[in-house]
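[1] okay, structure incoming, though there's no sequence with it:
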């Protein structure tokens, strides 16, 4: 029996690309929200947008076995890593329909990592109280607790997933659920989301599910834009496995019988805070984004014959400055994970080795540089260099690709 979504919201006592600048290079940041409609499109109840990103990489973080594993964490979801050679990073079409003054409907269909086409979002929303900006949404949705969770490869400086989100959130959090948001004062949004738990790091069922709460503040004054956010998420998992290479997202990844047999029963609680700053003056603009995430994991790791108690204390953070001039943008990102695991029980060392939890004291980090040149409105060329030290042996690789995003309807907006 599946736990009803609304009961998940109150199951326990509760324990955010750069901001949009005026220039077109920052336009993809708007597309990540899938709900921001420009003034030119307000007269039409229907808006349709799309985006595509394709790249060629000269190397990859994926091991020879075909599996992407950050040593020190249990992984899952769609954290698949970027493959060597030509790949379709992301492609999606999203539709927004305003059905009257208070109701809106959203559909988002897309593909990530050259995988199968999926229904990523399908939701209906209703504005309950105008004066408070109180609205409810339900369906299949991306979690809104962080702006980074909403991003697509065609709408951000880097084609690769954020290392923090690959390690802790399965690439990104998307699930069936309900969301309640309120804007009591201008620029301030408070939200609560309850999830079925059908996606990593949770599982569905009576003993599963996930929920989160978030607080966001946005402010703009002349050339400056600021966004601050904080959140907390609680996820419960029962009999959770790493299904990345045993289901529809295998992408040719190697099967590891021992790893595929592992199951996790327990909780993953996380808290985070993020900040984004944008500035523009004439042809010049700059941005700075940063985020910090704290994760606590507790539960039991087991296979068919053995088990051990797992306690994990993880931290992740990333810093991303950006400088833009006319049609050009240069972005730098540094990401760091600090991972601490304790397995109690006779089988602990063996299960840790199978699960990829051993990292020999090495904390993963990553340097990345992205250069983008806007060829025309919505279409850009991207060159990237990445030094990924998820393992003790660093992997350096270059990538080159094209990205595009824009409005399909109304045409020309």
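    Here it is on my side, so go on. These figures come from a predicted structure and were not determined experimentally.
[2] burial count for residue 353?
    Residue 353 has 11 neighbouring residues, counting by other CB atoms under 10 Å. The C-beta positions use only the backbone N, C-alpha and C, and glycine is treated the same way.
[3] for it, helix, strand, or coil?
    helix (DSSP: H, G, I helix; E, B strand; the rest coil).
[4] can you find the helix or strand in the protein with the smallest mean pLDDT?
    helix 28-31 (a mean of 36; mean pLDDT, DSSP states H and E).
[5] can you give me the helices in the stretch 201-350 of the chain?
    With DSSP state H, counting those that start in this stretch, the ranges of helices along the stretch 201-350 of the chain come out as 257-260, 348-355.
[6] pick out the shakiest of those helices, pLDDT-wise.
    When the helices of the stretch 201-350 of the chain are compared on average pLDDT, helix 257-260 comes out lowest at a mean of 81.
[7] can you pull the buried residues of it?
    By 16 or more other CB atoms under 10 Å, the buried positions in helix 257-260 come out as residue 259.
[8] if we look at it, which residues are touching it?
    67, 241-242, 245-246, 303, 354-356 (CB atoms under 8 Å, 6 or more residues apart in numbering).
[9] now those residues: which count as buried?
    Counted by 16+ other CB under 10 Å, the contacts of helix 257-260 give 67, 241-242, 245, 303, 354-356 as buried.
[10] I'd like those as a markdown table, with distance to residue 59 appended.
    Shown next, in a markdown table, are the buried ones among the contacts of helix 257-260 (distance: CB to CB, whole Å):
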| residue | distance to residue 59 |
| --- | --- |
| 67 | 16 |
| 241 | 29 |
| 242 | 24 |
| 245 | 20 |
| 303 | 33 |
| 354 | 27 |
| 355 | 26 |
| 356 | 20 |
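[11] okay, the residue located most distally from the centre of the chain: pLDDT?
    Outermost residue of the chain with respect to the C-alpha centroid, by CA atoms, centre = their mean, is residue 346; its distance is 36.0 Å. In this model, residue 346 is scored at 93, pLDDT.
[12] begin at 491 from here
    Understood, numbering begins at 491; the last thing we discussed is residue 836.
[13] report the separation between it and residue 796.
    The gap separating residue 836 from residue 796 is 8 Å, by CB to CB, to the nearest Å.
[14] over to residue 725?
    Using CB to CB, residue 725 is found at 24 Å from residue 796.
[15] out of the two, which sits in the busier spot?
    Between residue 725 and residue 796, counted using other CB under 10 Å, residue 725 has the larger neighbour count: 26 against 15.
[16] quick one: residues contacting that one.
    Going by CB under 8 Å, 6+ apart, residue 725 touches 687, 691-692, 699-700, 757-760.
[17] ok, which stretches of the stretch 541-690 of the chain are strands?
    Per DSSP state E, counting those that start in this stretch, the stretch 541-690 of the chain carries strands over the ranges 575-589, 593-602, 608-619, 624-632, 664-672, 678-685.
[18] adding mean neighbour count and mean pLDDT, write the ones you listed out as CSV.
    Converted to CSV, the strands of the stretch 541-690 of the chain look like this (neighbours: other CB atoms under 10 Å; pLDDT from 0 to 100):
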stretch, mean neighbour count, mean pLDDT
strand 575-589, 18, 95
strand 593-602, 18, 94
strand 608-619, 16, 96
strand 624-632, 19, 97
strand 664-672, 21, 98
strand 678-685, 21, 98
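[19] circling back: out of the contacts of helix 747-750, which is nearest to residue 541?
    For those, the minimum distance to residue 541 (CB to CB) is 27.0 Å, reached by residue 735.
[20] measure that closest one to residue 750 for me?
    Counting by CB to CB - residue 735 and residue 750 are separated by 7 Å.
[21] and what of residue 561?
    For residue 561, the distance to residue 750 - CB to CB - is 18 Å.
[22] got it, and residue 691?
    18 Å.
[23] re earlier: so can I have TSV of the helices of the stretch 691-840 of the chain showing distance to residue 552?
    Converted to TSV, the helices of the stretch 691-840 of the chain look like this (distance: least, CB to CB, whole Å):
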stretch	distance to residue 552
helix 747-750	15
helix 838-845	18
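[24] just name the closest of the contacts of helix 747-750 to residue 780, please.
    Taking CB to CB as the measure, residue 780 lies nearest residue 846 of those, at 27.8 Å.
[25] pretty sure the closest one is touching residue 555, no?
    No: counting by CB atoms under 8 Å, residue 846 stays clear of residue 555, with 11.0 Å between them.
[26] the residue lying closest to residue 783 once chain neighbours are set aside bridge partners, please.
    Closest residue to residue 783 apart from its sequence neighbours, by CB to CB, 6 or more residues apart in numbering: residue 762 at 4.2 Å. Legend: beta-bridge partners of residue 762 under DSSP bridges are residue 721, residue 783.
[27] great, nothing more from me.
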